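*Asks:* Sequence and predicted structure are below.
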Amino acid sequence: MKIFRCQKCENPLYFENTKCEVCKSTLGYSEKNSSLAALVPSPDAPAGHLKNGYTLFKDDGKHYRYCKNAEHKACNWLLSDEDDGDFCTACALNHTIPNLQKKKNLKEWRKLERAKHRLVYALQRFGLPVIDRDAAPKEGLAFDFLSDKNASGNAQPVRTGHLNGLITINVAEADNVHREYMRKQMAEPYRTLIGHFRHEVGHYYWERLIRNRPEILKKFRDTFGDERADYGEALQRHYKNGAPKNWRQSYISKYAASHPWEDWAETWAHYLHLVDVLETAFYFGINTGAAFGENSPLRMRADFDPYQDGRFAKLLKAFVPLTFALNSLNRSMGQQDVYPFVIPKKTVKKLRFVHRLLHEKL
Ligand SMILES: [Zn+2]
Ligand SMILES: [Zn+2]
Ligand SMILES: [Zn+2]
């Protein structure tokens, strides 16, 4: 993720900021420029929800308002007077949100939105189509954020998953205690909200980018295996017997070993992790391993934008030492590794497939 700078006073800003702590400017995220814009209240601009209308500090002659979810502090994205409707691209994807009368739901929904907005930022940086399912029922994307319990209190387990463009996320996953409990239950080294979003949207883009393109589908099968293998049976087998003993040689996670579709979604999620971490490192100008000599495998220089750079080898070469450095920093603070994975050679091939697909080089 980019580190932004206040357009008025140069103060560094996070993606989620709505106010500059130094010059007190009101801020909003502009999708078109993927920038955090300083705003100027404008009496002429049509008011958004609960907020004024604005012009930009770097005035482009247009009026702006916040997305409707700003009223719940769940979104800081802007709409211009050229945009119809109440919601930004990220929020328009919501099909069901939790009941906000409950305070806990509001807190957890904000965390879900935070992860989802980061996801949509990345999709837009890749130039991927982000289509609202209401506007395009066949090829669009939508989210259901559901709770285990229905109104009468009867427990109904909600499964996080993807079906025909509809991604369901169990709201309880936003509760850190619940998520950690699930992580242990499932014997996973890593479980995060952003990880769920990246994984599930991987299934969606498989349908968009691979399923109906025979040449690419063939290359997919050469790399990940044949996805026509019975999916239900494969998952049943996975939950009954676990992953094969030697899964580490071929897969990024145990779950990836269950079926080619899950291998794809896990690999896709890791590619998105990799690019986000490298983009953040780029904005900080991080170099590692200087003390270890020029040819050390610990050396890396984050001097390129990983969304733009077309060379996968370069991305991987920077990512591996960077995660080593990040894990070491975390260990210094007694925290778990940030990236508790080893990427096997076969997964490198699969990650390269994702990279080439996104750069239209397959
Ligand atoms: Zn400022
Ligand atoms: Zn929004
Ligand atoms: Zn999956």
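*Replies:* Looks like it arrived, so ask away. Numbering: from 1, shown residues only. Ligands and ions are numbered 1, 2, ... in the order given.

*Asks:* how many neighbours does the residue of the stretch 251-362 of the chain found nearest ligand 3 have?
*Replies:* Nearest to ligand 3, among the residues of the stretch 251-362 of the chain, is residue 265, at 4.2 Å (C-beta to the ion). (Glycine included, C-beta is placed from N, CA and C.) By the criterion of other C-beta atoms under 10 Å, residue 265 has 23 neighbours.

*Asks:* Which residue, neighbours along the chain excluded, lies closest to it?
*Replies:* residue 202 (3.8 Å; C-beta to C-beta, 6 or more residues apart in numbering).

*Asks:* Report the contact partners of residue 362.
*Replies:* By C-beta atoms under 8 Å, 6 or more residues apart in numbering, the contact set of residue 362 is 216, 219, 353, 356.

*Asks:* Going by neighbour count, which residues of whichever strand or helix holds residue 181 are buried?
*Replies:* Residue 181 belongs to helix 176-185 when assigned by DSSP states H and E. Neighbour counts over helix 176-185 (16 or more other C-beta atoms under 10 Å) mark 179, 182 as buried.

*Asks:* Check stretch 63-72 too.
*Replies:* So stretch 63-72, judged by 16+ other C-beta under 10 Å, has buried residues 63, 64, 65, 66, 67, 68, 69, 70.

*Asks:* Farthest pair within those?
*Replies:* Spatial extent of the buried residues of stretch 63-72 (C-beta to C-beta) is set by the pair 63 and 69 at 19.2 Å.

*Asks:* Adding neighbour count, write the contacts of residue 362 out as CSV.
*Replies:* Listed next are the contacts of residue 362 as CSV, based on neighbours: other C-beta atoms under 10 Å:
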residue, neighbour count
216, 16
219, 16
353, 23
356, 15
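
*Asks:* Surely the residue of the stretch 251-362 of the chain closest to ligand 3 and residue 197 touch.
*Replies:* No - counting by C-beta atoms under 8 Å, residue 265 sits too far from residue 197 to count as a contact (11.2 Å).

*Asks:* From residue 20, how far out is the residue of the stretch 51-200 of the chain found nearest ligand 1?
*Replies:* In the stretch 51-200 of the chain, the residue that lies nearest ligand 1 is residue 57 (9.3 Å; C-beta to the ion). Computed as C-beta to C-beta, to the nearest Å, the residue 57 to residue 20 distance reads 10 Å.

*Asks:* Could you name every residue contacting both of those two?
*Replies:* Residues touching both residue 57 and residue 20 (C-beta under 8 Å, 6+ apart) are 8, 38.

*Asks:* Compare the two (neighbour count), which wins?
*Replies:* Each of residue 57 and residue 20 has its neighbours counted (other C-beta under 10 Å); residue 20 has more, 21 against 16.

*Asks:* Now do stretch 84-103, average pLDDT.
*Replies:* Averaged across stretch 84-103, the pLDDT comes to 95.

*Asks:* what's the answer for stretch 261-278, then?
*Replies:* So the average pLDDT for stretch 261-278 ends up being 98.

*Asks:* Please report the number of neighbouring residues for residue 327.
*Replies:* 16.

*Asks:* And for it, nearest residue in space, chain neighbours not counted?
*Replies:* Spatial nearest neighbour of residue 327, excluding adjacent residues (C-beta to C-beta, 6+ apart): residue 337 at 4.1 Å.

*Asks:* so what's the one you found up against?
*Replies:* Contact analysis of residue 337 by C-beta under 8 Å, 6+ apart lists 189, 326, 327, 330, 331.

*Asks:* redo that, cut-off 10 Å
*Replies:* Counting by C-beta atoms under 10 Å, 6 or more residues apart in numbering, residue 337 makes contact with 189, 190, 323, 324, 326, 327, 328, 329, 330, 331.

*Asks:* picking up where we left off before, which element, helix or strand, includes the residue nearest to residue 265?
*Replies:* With elements taken from DSSP H and E, the one containing residue 202 is helix 193-209.

*Asks:* Indicate whether whichever helix or strand comes after that helix makes contact with ligand 3.
*Replies:* Using DSSP H and E, the helix or strand that follows helix 193-209 in sequence is helix 214-224. No - legend: contact between helix 214-224 and ligand 3 by C-beta under 5 Å from the ion is lacking; minimum distance shown is 12.9 Å.

*Asks:* which helices and strands does the helix holding residue 181 pack with?
*Replies:* helix 103-125, strand 166-170, helix 193-209 (3 or more C-beta pairs under 10 Å, 6 or more residues apart in numbering; DSSP states H and E).

*Asks:* Any buried residues in the first one, and which?
*Replies:* In terms of neighbour count (16+ other C-beta under 10 Å), helix 103-125 has its buried residues at 105-106, 108-125.

*Asks:* and the angle from the helix or strand just after it to strand 166-170?
*Replies:* With elements assigned by DSSP H and E, the helix or strand that comes after helix 103-125 is strand 142-146. Here the directions of strand 142-146 and strand 166-170 differ by 20 degrees (axes from the mean of the first three to the mean of the last three C-alpha atoms, to 10 degrees).
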